[in-house]
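Undergrad: coordinates for the following, if possible.
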Amino acid sequence: MRQGHHYESLVVDLDGGTVEAVVDDRPQASLEAYYRQFAPEELATIEAIAMAMWEPSILATPACVPDAGTKIVFDRYHATRYVTEAVDKVRRHEHKALQAQDDLRLKGTKHLWLWNEENIPEWRRAEFETVKHAELKTSRAWAIKESLRGFWAYVYPKRAANYFKAWYFWATHSRLAPMIAAAKTLQRHLPNLLTYFKHRITNATAEGINSKIQTLKLMACGYRNREHYKTAILFHCGGLDLYPSAS
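TA: Here you go, the predicted model:
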């Protein structure tokens, strides 16, 4: 909005794939105001809520939604991003140290460590195999990141919890500060990572809508008026029935 960063939070119907509300900024009060337009018995019918590990949203939901602790599902992709970003921190720090010794093995490899292994382009696979098997801190961090993917493959929460316990021990004993910090963040939020195995929802629908909104913003060359921006989001993504009635 003009210059600077002004955020909007979206409330999305995961079943319908539509934006239900656009609230200003990202404070706890904004989401609470959305919830409080509904009667307690209506809020009680909410089955599950997917969200990123954003503190205001985490606080607002239990304040308004009954049994929120069993309904909040922290989005697996946002959770994984904490670990992916930690890998990149390890890479940047190690690359700087190696570069000082004229060792350029990590130069230009940023995305190789961030992509899932199966998504690495064929023409870079040989290069990645070489650095992956080198005795590098980045290689160890990447292996920890890749191992976390197995957590999401489980069916039963108890077995997933046991897997996470072993993964957490490995990550926190890796002597890699960014990986330790990321693992501890996930550990603090583990109860609502495990709810994924009950509800099996993610923020993928919301992320798809975010992409559509970015396109709208580019087509409009930005918005000066915040209300116009919110109206455009609701018009294009709110699931309006624009067809004339049969009568």
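Undergrad: residue 8 contacts residue 232, correct?
TA: No: taking contacts as C-beta atoms under 8 Å, residue 8 lies outside contact range of residue 232: 11.1 Å. C-beta coordinates here come from the backbone N, C-alpha and C atoms, glycine included.
Undergrad: leaving out chain neighbours, which residue sits closest to the residue most central in space within the chain?
TA: With the centre of the chain defined as its mean C-alpha position, the nearest residue by C-alpha atoms, centre = their mean is residue 78, 1.8 Å away. The shortest distance from residue 78 to any residue that is not its chain neighbour, by C-beta to C-beta, 6 or more residues apart in numbering, is 4.2 Å, and that residue is residue 52.
Undergrad: number of residues surrounding the closest residue to residue 82 other than its chain neighbours?
TA: Using C-beta to C-beta, 6+ apart and skipping residues adjacent in sequence, the residue nearest residue 82 is residue 182, 4.5 Å away. Other residues lying near residue 182 total 27 when counted by other C-beta atoms under 10 Å.
Undergrad: list the contacts of residue 182.
TA: Contacts here follow C-beta atoms under 8 Å, 6 or more residues apart in numbering; on that basis residue 182 touches 82, 83, 85, 86, 171.
Undergrad: residue contacts, the fourth one?
TA: Each residue near residue 86 by C-beta under 8 Å, 6+ apart is listed here: 141, 145, 176, 178, 179, 181, 182.
Undergrad: now, of the contacts of residue 182, which are buried?
TA: Of all the contacts of residue 182 considered here, the ones buried according to neighbour count by 16 or more other C-beta atoms under 10 Å are 82, 83, 86, 171.
Undergrad: which pair of those spans the longest distance?
TA: Taking every pair in the buried ones among the contacts of residue 182 and measuring C-beta to C-beta, the maximum separation is 11.0 Å, between 82 and 171.
Undergrad: all strands of the protein, in order?
TA: Listed from the start of the chain, the chain has strands (DSSP state E) covering 8-13, 18-24, 49-51, 72-74.
Undergrad: report the distance from the helix ranked longest in the chain to the chain centre.
TA: Residue-count comparison of every helix in the chain, with assignments taken from DSSP state H, identifies helix 76-99 as the longest. When distances are taken as C-alpha atoms, centre = their mean, to the nearest Å, helix 76-99 is centred 16 Å away from the chain's centroid.
Undergrad: perfect, I'm done here.
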